[in-house]
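> Provide a 3D model corresponding to the input given below.
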Amino acid sequence: MKNVLAFFGAFNPPTRAHVELADFAFRAAGREGVIFVPSRADYIRNDQGKNGVLSGETRLAMLEKIAETRPWMEVTDRELREPVQPRTYVTLCALRKDGFAPALLVGSDKLPELPRWKYIAELIREFGIVCLTRGGDDCRGIIDADPFLKELQDRITLLDTPDDWRDISSSKVREALRQGRQEDLARMVPEEILPMLLPDL
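Numbering: from 1, shown residues only. You can find the predicted model right below:
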């Protein structure tokens with residue numbers, strides 16, 4: 001089995017932060033690579049309440065284009081193929097059947113939410129979590145203050161994240177697209193997908 005980090009998200013669109021943080025994370029965690037798992041568009045729109053959602057096909061194509069020059073990066077359409085958005089634990093189990101040994105990669109903003117996730121105890125025990133600390137979050141304090149997380153802390157790996165990508169996000173990319181700020185786009189997204197976002201370039 002290939003030991004990877006599983007990176008779930010909207011990737012709407014993928015940014016340099018997504019790619020470079022994933023690169024940093026798998027190396028720091030001693031894994032073989034990262035598999036990107038884009039979410040269904042209707043889930044992003046209806047459950048997460050986000051606007052300007054690119055189609056699943058478009059986001060998948062962008063991720064696959066980025067992965068062409070990064071041997072450590074893989075992409076799956078497993079969630080996009082489902083009729084409804086599956087639970088993260090269910091997708092991790094499916095990835096295991098596909099020959100991966102995945103741990104879940106999350107940002108520290110997700111850490112306080114984890115105890116409310118469905119099947120989270122099974123997820124942490126079976127797969128483990130790699131958490132990227134960012135924005136000065138006190139991840140150790142969050143874990144120590146939550147009995148559930150504290151009980152499973154040996155299955156949670158904390159990685160101190162460089163600040164290089166703090167000002168890059170998909171929402172900022174979408175804003176730059178709306179305003180036609182090409183220089184900002186070039187700074188925030190991998191160069192491979194610029195022609196997909198700006199087809200007239």
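
> what about the closest residue to Gly99 other than its chain neighbours, neighbour count?
Closest residue to Gly99 in three dimensions, ignoring its sequence neighbours and counting by CB to CB, 6 or more residues apart in numbering: Met1, at 5.8 Å. (Each C-beta comes from the backbone N, C-alpha and C, glycine too.) Counted with other CB atoms under 10 Å, the neighbours of Met1 add up to 11.

> Tell me the spacing between Met1 and Ile129.
Applying CB to CB, to the nearest Å, the value for Met1 to Ile129 is 18 Å.

> re the thing from before, thinking the residue nearest to Gly99 is in contact with Asp98, fair?
No. Judged on CB atoms under 8 Å, Met1 makes no contact with Asp98 at a distance of 9.5 Å.

> In contact with the residue nearest to Gly99, which residues?
Each residue near Met1 by CB atoms under 8 Å, 6 or more residues apart in numbering is listed here: 96, 99-101.

> so where is this structure shaky, pLDDT-wise?
200-201 (pLDDT under 70).

> need the helices for the protein, in chain order.
Counting by DSSP state H, the chain has helices at residues 16-28, 41-42, 56-67, 88-97, 120-127, 139-145, 147-151, 170-179, 182-188, 194-197.

> for these, which one sits closest to Phe8?
helix 88-97 (6.0 Å; CB to CB).

> how about that closest one: buried residues?
Neighbour-count burial for helix 88-97, counted by 16 or more other CB atoms under 10 Å, picks out 88-95.
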